[in-house]
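Asker: quick one, what's the 3D model for this:
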Amino acid sequence: MRVLLLGGQGQLSLELQQRLQGRVDLQVLGSAQLDLAQGTAIRPRVLELRPQLILNAAAHTAVDQAESEPERAFAINATAPGLLAEAAAELGAPLLHYSTDYVFDGRKATPYDEDDTPNPLNVYGRSKLAGEQAIAAVGGAHLILRTSWVYSRHGRNFLLTMQRLLQERDSLNMVSDQIGAPTWAGSIAQASCQLIEHWQQGRAGPWGTYHLTALGETSWFGFASAIAAQLREAGKTVAHLNPIPSSAYPTPAQRPLNSRLDCTRLQRDWAIQLPQWQAALQECLAEQQRL
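Answerer: The predicted structure follows:
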C-alpha cells in the first residue's frame with residue numbers, strides 16, 4: 001500500500017516512520033520536499049504521488065511563536081489540511097490527521113469528549129481547530145486524532161528539555177495547575193498503525209474526530225517529578241522542583257488549565273486504547289537508554 005506521510009523530522013513523524021518502514025510503500029515529505037505554508041504546491045504534489053492513505057503529522061507546533069506569526073500558523077495548520085483532504089478525497093484515499101487538546105478552553109471540570117464545543121484560547125489552538133473544520137467540510141474519509149502533551153526521544157519537547165534542565169539547575173519552578181495526560185509519540189504511532197490495520201482488514205469504525213491520549217492525568221509539575229525520579233534512579237543529581245500556578249509563569253499564549261480528553265469513543269468504535277502515561281513514559285525512557 002502506498003502511504004504518504006507529511007512531516008519529515010517531527011517527533012511523531014519519526015515514530016511513524018520507525019513503525020511503518022518495511023510494512024508499506026512509504027513516501028515521506030518534510031518541509032524541504034513540500035512546504036505546507038505554500039498551499040498551491042500541495043494538491044499537485046499529492047496527486048502526482050497517488051497515495052492510497054495520507055498521514056499528516058506535520059504542523060506548526062510552536063505555541064508561543066504562533067502568537068506572533070498567525071498567518072504562517074494558519075497556513076500550515078488550517079489551510080494545508082483542507083487541501084490535503086481535497087486531494088485525498090479526489091484519490092479516494094483516507095486522511096489521518098493529528099490535532100490537539102488546545103482546541104478547548106480548559107474551563108470544563110471533567111475530561112472533554114468529542115461532543116464538547118471547542119473554544120481555543122490561543123492562535124495555535126484556533127489554527128488547529130480551523131484545520132479540523134476544513135477537513136470535515138471536504139467530507140472525505142478521514143480520522144482526526146486529538147492528542148495532548150506529546151513528547152518523545154526526538155526533537156524539542158518537554159521530556160528532553162526537563163532531562164537537560166534538571167541536571168543543569170539547582171531549582172526549577174513548574175506549573176502545577178494545568179492538568180492533562182503526557183502522551184508518548186510512540187504510543188500515538190503504534191495506535192495509528194492499529195487504526196490502519198483495522199481499516200485494511202475491513203474492521204474500521206466510523207470516520208470522524210476522536211480523542212487519543214495516554215490514560216491517567218497529571219500536571220506539568222507531576223510530569224517533571226516523574227522525569228526527575230528516573231534521573232535519580234540513574235544516579236543523577238537533579239534540581240529541586242517547586243510547584244507554581246500558571247499566573248506565576250506568564251507566556252505569550254494562554255494555555256488551558258484542563259487538557260484532559262475522554263478517549264472512550266475511540267476504544268468503543270475502533271477497539272484502541274493507549275497505556276497509562278507512567279507506563280508509556282517508562283517505555284520511552286527504555287528506548288532512549290538503548291540508543
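Asker: buried residues of stretch 24-39, list them for me.
Answerer: By neighbour count on 16 or more other C-beta atoms under 10 Å, the buried set for stretch 24-39 is 24, 26, 28-29, 31, 34-37. For glycine as for every other residue, the C-beta is placed from the backbone atoms N, C-alpha and C.
Asker: now, which of those sits nearest E197?
Answerer: Taking C-beta to C-beta as the measure, V24 is the one of the buried residues of stretch 24-39 closest to E197, at 10.8 Å.
Asker: E86 is in what secondary structure piece?
Answerer: Following DSSP states H and E, one finds E86 within helix 80-91.
Asker: may I see the buried residues of that helix?
Answerer: When burial is assessed from 16+ other C-beta under 10 Å, helix 80-91 yields the following buried residues: 80-89, 91.
Asker: just checking, what packs against that helix?
Answerer: Packing partners of helix 80-91 (3 or more C-beta pairs under 8 Å, 6 or more residues apart in numbering; DSSP states H and E): helix 42-49, strand 53-56, strand 95-100, helix 123-138.
Asker: contacting residues for the closest residue to Q190 other than its chain neighbours?
Answerer: Counting by C-beta to C-beta, 6 or more residues apart in numbering, Q190 lies nearest to R19, which is 6.5 Å off, once chain neighbours are set aside. Taking C-beta atoms under 8 Å, 6 or more residues apart in numbering, we find R19 in contact with 189-190, 192-193.
Asker: hmm, back to that, with mean neighbour count and mean pLDDT added, can I get the helices and strands packed on helix 80-91 in CSV?
Answerer: Shown next, in CSV, are the helices and strands packed on helix 80-91 (neighbours: other C-beta atoms under 10 Å; pLDDT from 0 to 100):
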stretch, mean neighbour count, mean pLDDT
helix 42-49, 15, 95
strand 53-56, 24, 97
strand 95-100, 25, 98
helix 123-138, 22, 98
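Asker: A271 is nearest to which of the ones you listed?
Answerer: Comparing the helices and strands packed on helix 80-91 by C-beta to C-beta, strand 95-100 comes nearest, at 16.6 Å.
Asker: circling back: which one of the buried residues of helix 80-91 is nearest G139?
Answerer: Lowest distance from G139 to those (C-beta to C-beta) belongs to A89, with 7.0 Å.
Asker: mind listing what the closest one touches?
Answerer: Contacts of A89 by C-beta under 8 Å, 6+ apart are 138-141.
Asker: need those in CSV (columns: distance to Q289).
Answerer: Shown next, in CSV, are these (distance: C-beta to C-beta, whole Å):
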residue, distance to Q289
V138, 43
G139, 46
G140, 42
A141, 40
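Asker: just to revisit the earlier point, make TSV from the contacts of R19 and add neighbour count to it.
Answerer: TSV is the format used below for the contacts of R19 (neighbours: other C-beta atoms under 10 Å):
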residue	neighbour count
A189	23
Q190	20
S192	23
C193	16
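Asker: if we ignore the residues flanking it in sequence, what's nearest T251?
Answerer: Using C-beta to C-beta, 6+ apart, the closest residue to T251 is D64 (5.5 Å).
Asker: dump the contacts of R19 to JSON lines, plus pLDDT.
Answerer: Shown next, in JSON lines, are the contacts of R19 (pLDDT from 0 to 100):
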{"residue": "A189", "pLDDT": "97"}
{"residue": "Q190", "pLDDT": "97"}
{"residue": "S192", "pLDDT": "97"}
{"residue": "C193", "pLDDT": "96"}
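Asker: what strand or helix carries the residue nearest to T251?
Answerer: helix 63-66.
Asker: and that helix, which residues are buried?
Answerer: In helix 63-66, counting by 16+ other C-beta under 10 Å, buried: 63, 66.
Asker: packing partners for it?
Answerer: Helix 63-66 sits against helix 123-138, with contacts defined as 3+ C-beta pairs under 8 Å, 6+ apart.
Asker: tell me the angle of the helix or strand that the helix it packs on is followed by relative to helix 80-91?
Answerer: Remark: after helix 123-138, the chain's next helix or strand is strand 142-147, criterion DSSP H and E. Strand 142-147 runs at 150 degrees relative to helix 80-91, counting by axes from the mean of the first three to the mean of the last three C-alpha atoms, to 10 degrees.
Asker: tell me the strands beside strand 142-147, with direction?
Answerer: Strand 142-147 pairs in its sheet with strand 95-100 (parallel), strand 208-211 (parallel), by DSSP bridges.
Asker: who touches the first one?
Answerer: So the one you mean is strand 95-100. Contact with strand 95-100 is made by 12, 53-57, 59, 81, 84-85, 88, 124-125, 128-129, 131-132, 135, 140-148, 188, 192, 195-196, 209, as judged by C-beta under 8 Å, 6+ apart.
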